[in-house]
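1. A predicted structure for the sequence below; I have some questions about it.
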Amino acid sequence: MVALLEQTFRDQWGRVLAALIGYLGDFDLAEEAAQEAFAIAAERWPRDGIPANPGVWLVTTARNRAIDRIRRDRTLVTKTRLLQVSETAEAPMDATTFPDERLELVFTCCHPALATDAQVALTLRTLGGLTTGEIARAFLVPEPTMAQRLVRAKRKIKAAGIPFRVPPDHLLPDRLAAVLAVIYLIFNEGYGGRGELAAEALRLGRALAALMPDESETHGLLALMLLLDARREARFRGDDLVLLADQDRSLWDTGQIAEGRAALDRALALHGRGSYVVQAAIASLHADETRDWPQIAALYDELSRLTGSPVVELSRAVAVAEAQGPEAGLDIVDRLDLDDYRYLHSTRGELLRRLGRTDEARDAYRRALALVHDDAERRLLERRLAELG
């Protein structure tokens, strides 16, 4: 029952919170009410059973708790308008009155009045249900720094009166970059082991592609996520992480690969040349039985030009190492300023190992181990160290 409750909570958090924010118009009040409803559910459901529609139960309970909170503090004048609808709020909700407002939440969090990093962080917190620590690791910043960003973002939304809605068509393209970044970061967090977040990102990606069918990057992102997620079942053996080269390809979802390539074809037909389209093209090449490393390296070169990202340069180094040899890849790695990025050190360790520079490889793997947070990655690095003797 505990595992089922946890799964239900993870599945429902984003939609419940989005519905509450849309109704209450207050991020903090909605989050507090949602947390209280989930706590009540954790107490009652093991005794009474999980309701037929958990989301409706959670939204109804949370909404009623929020109204009770407003009643107890009538000095919150800006909230008193909610009391006028208390009877409706307290009535049992039917599934048909529980709209899916997650896209509205994404676009609200991604309003241009907020800095891009705050947009992404706030949506990961509210829609994805990630902890502040998890978001901080995704951004490579200390947890207190991320906590302050979240607080400031919520205050900015309240002070600026940012509307809870999908913007009009003429404003959509300007808001697209941040929304795509949000969805992709949610997917990446899920790809690291939280499958419900990857599924959420895919659902949002499909919805966004339907909402903006003529935007190549929406199809590019959807293609990228589908192609990567198709390898999900092969990425772990038990609790151990399995690298792409060692994966059992029979476990890959061929139907999802085909769907991803169809989305990529749609993006290319729209003359897409953006970063998500390029990444999707790389992922498609990785799905081939024999990988074309020179072409993959060339695409990473284009992606590096588009993004200016040292992390992309690190991926290019891996492709160059496969196409031209480990020394060529190491030459790129050693020019990168990513000392606090664990993948730089694990990549460097692998290239040094191939070059027979064992002592240096050990040092690089140890540095990566000092930075890793994920248990599966830690075990993989420990195996690599053990193989060096």
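-> Yes, it's here.

2. For the stretch 251-389 of the chain, which residues score under the pLDDT cut-off?
-> Along the stretch 251-389 of the chain, no part satisfies pLDDT under 70.

3. can you give me the strands for it?
-> Assigned by DSSP state E, counting those that start in this stretch, the stretch 251-389 of the chain shows no strands.

4. What segments of it are helices?
-> For the stretch 251-389 of the chain, applying DSSP state H, counting those that start in this stretch gives helices covering 254-269, 275-286, 293-307, 310-324, 326-333, 342-354, 358-371, 375-387.

5. Out of those helices, the one nearest Ala201 is which?
-> The closest of those to Ala201 is helix 275-286. By CB to CB, the value is 12.6 Å. The C-beta positions use only the backbone N, C-alpha and C, and glycine is treated the same way.

6. so the closest one versus helix 310-324, what angle?
-> Helix 275-286 runs at 30 degrees relative to helix 310-324, counting by axes from the mean of the first three to the mean of the last three CA atoms, to 10 degrees.

7. still on that earlier bit, just so I know, which of the helices of the stretch 251-389 of the chain lies nearest Asp100?
-> Once the helices of the stretch 251-389 of the chain are compared by CB to CB, helix 254-269 is nearest, at 21.5 Å.

8. mind checking how far that closest one is from the chain centre?
-> 21 Å (CA atoms, centre = their mean, to the nearest Å).

9. Helix 275-286 and that helix, what's the angle between them?
-> Angle of helix 254-269 versus helix 275-286, following the same axes, to 10 degrees, is 140 degrees.

10. counting contacts, what elements does helix 254-269 pack onto?
-> Using 3 or more CB pairs under 8 Å, 6 or more residues apart in numbering; DSSP states H and E as the contact test, the elements touching helix 254-269 are helix 216-229, helix 275-286.

11. which parts of that helix are buried?
-> Buried residues in helix 254-269, counted by 16 or more other CB atoms under 10 Å: Gln256, Ile257, Glu259, Gly260, Arg261, Ala263, Leu264, Arg266, Ala267, Leu268.

12. got it, and stretch 308-323?
-> Buried residues in stretch 308-323, counted by 16+ other CB under 10 Å: Val312, Glu313, Leu314, Ser315, Arg316, Ala317, Val318, Ala319, Val320, Ala321, Glu322, Ala323.

13. can you tell me which residues contact the fifth one?
-> In other words, Arg316. Residues counted as contacts of Arg316 (CB atoms under 8 Å, 6 or more residues apart in numbering) are Ala297, Tyr300, Asp301, Leu303, Ser304, Ile332.

14. Counting neighbours, what do you get for the third one?
-> Which is Asp301. Asp301 has 16 neighbours, counted by other CB atoms under 10 Å.

15. which residue packs closest to it, ignoring adjacent ones?
-> Of all residues not flanking Asp301 in the chain, Arg316 sits nearest, at 6.1 Å (CB to CB, 6 or more residues apart in numbering).

16. Same check on the last one?
-> Nearest residue to Ile332, sequence neighbours excluded (CB to CB, 6+ apart): Ala317, at 3.8 Å.

17. go on, the fourth one?
-> In space, not counting the residues next to it along the chain, Leu303 is nearest to Val278; the distance is 4.7 Å by CB to CB, 6+ apart.

18. isn't the residue nearest to Ile332 right up against Leu344?
-> No: if you go by CB atoms under 8 Å, Ala317 and Leu344 don't touch, sitting 9.2 Å apart.

19. re the thing from before, which of the contacts of Arg316 sits closest to Leu251?
-> Among the contacts of Arg316, Tyr300 lies closest to Leu251 (CB to CB), at 25.9 Å.

20. quick one: that closest one and Leu314, what's the gap?
-> In this view, Tyr300 and Leu314 are 10 Å apart by CB to CB, to the nearest Å.

21. How about Leu29?
-> Distance from Leu29 to Leu314, counting by CB to CB: 42 Å.

22. Neighbours of His112, how many?
-> Quick fix: residue 112 reads Pro, not His. Neighbour tally, Pro112, other CB under 10 Å: 13.

23. That one: which element?
-> Assigned by DSSP states H and E, Pro112 belongs to no helix or strand.

24. For it, list the residues it contacts.
-> Asp174, Arg175, Ala178 are the contacts of Pro112 under CB under 8 Å, 6+ apart.

25. now Leu314: how far from Leu303?
-> According to CB to CB, Leu314 and Leu303 sit 12 Å apart.

26. now swap in Asp174 and tell me
-> For Asp174 relative to Leu303 (CB to CB), the value is 23 Å.

27. Please apply the same query to Pro142.
-> From Pro142 across to Leu303, the span is 28 Å (CB to CB).

28. contacting residues around the closest residue to Glu259 other than its chain neighbours?
-> In space, Glu259 comes closest to Leu226 once its chain neighbours are excluded; the distance is 5.4 Å by CB to CB, 6+ apart. If you count contacts by CB under 8 Å, 6+ apart, Leu226 has them with Leu202, Gln256, Ile257, Glu259, Gly260, Ala263.

29. which one of the residues you listed is nearest Leu388?
-> Taking the contacts of Leu226 together and measuring to Leu388 by CB to CB, the closest member is Ile257, at 34.8 Å.

30. Verify the contact between that closest one and Leu227 for me.
-> Yes: at 6.2 Å, Ile257 counts as touching Leu227 under the criterion of CB under 8 Å.
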